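Student: all I have is the shape, not the residue letters:
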Ligand code: 13P
């Protein structure tokens, strides 16, 4: 944890829809969510929505035409700007759609799709080159937690991803701590465990990019966050928001998480 006074960090609640909802369903979810969020909540808390690529343009249009206080996010991107990469989507394509946040290194991509630390670093670089904000995901498996190597694992993912990134860029980015064993399982880390790792991430950012970056970087917790369990997690001093999967598909539940954050 930082020695110097902690600056105010605007919390960020992000909805990662993963591979769910077509573009018509996306319209309904975004509109319902917008009715459920008060202006006091969206003044206090930044909210980003990360639909699949096929719905980005649709969600961008609703946000723009209805002037909604929501940021548009993507779930991934390729590290090259263009080229022969069938099926991939590049950072400049996302930037052109007013995407503000891009999730990088989600554990599902690392585990199921073979994404390496090197690929994650290259993707982070692409997001920054195109003036968007990366949400860098780090987290341990259950085996690593049981073996007591959680902090080593997270530190090494962080070191690798931040290698060569300027302190100014690190300061503005977001790191999501997502213990893999808590994703989609209904189990979440205790608030104390999540705080311990978030504090270690902040210290790791300090080592990689200096104290100023550590003070400002926002750290989210992710893994089975719901309206009913969010408050004590979000109240932790080093946790500045949540990266929400399943509950972000339900506007009522997602709005309850935003409300819990606004009440912190
Ligand atoms: P769940 O909230 O469904 O556990 O997913 C968490 C996650 O992976 C968000 O990126």
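Tutor: Ah, there it is. The structure presented is a predicted model; accordingly, all values stated were derived computationally and were not measured.
Student: and the helices in the chain, which stretches?
Tutor: With DSSP state H, the ranges of helices along the chain come out as 23-36, 39-44, 53-65, 91-96, 107-112, 117-129, 142-146, 150-162, 167-172, 191-209, 211-216, 230-234, 251-262.
Student: go ahead and confirm residue 245 touches residue 220.
Tutor: No: the criterion here is CB atoms under 8 Å, and residue 245 misses it with residue 220 at 12.0 Å. Placement of C-beta: from N, CA and C, glycine included.
Student: number of residues surrounding the nearest residue to residue 245 once chain neighbours are set aside?
Tutor: The shortest distance from residue 245 to any non-neighbouring residue, by CB to CB, 6 or more residues apart in numbering, is to residue 16 (5.3 Å). A count of nearby residues for residue 16, using other CB atoms under 10 Å, gives 26.
Student: measure the nearest residue to residue 94 once chain neighbours are set aside to the ligand for me?
Tutor: By the measure of CB to CB, 6+ apart, the closest residue to residue 94 outside its immediate chain neighbours is residue 74, 4.9 Å from it. Using CB to the nearest ligand atom, to the nearest Å, residue 74 is found at 13 Å from the ligand.
Student: same question, residue 249
Tutor: 9 Å.
Student: now do the contacts for that residue.
Tutor: If a contact means CB atoms under 8 Å, 6 or more residues apart in numbering, then residue 249 has 15, 17, 20-21, 29 as its contacts.
Student: out of those residues, the closest to the ligand would be?
Tutor: Using CB to the nearest ligand atom, the shortest approach to the ligand within these belongs to residue 15, at 8.6 Å.
Student: circling back: between the helices of the chain, which one is nearest to the ligand?
Tutor: Evaluated with CB to the nearest ligand atom, the helices of the chain place helix 107-112 nearest to the ligand, the distance being 6.8 Å.
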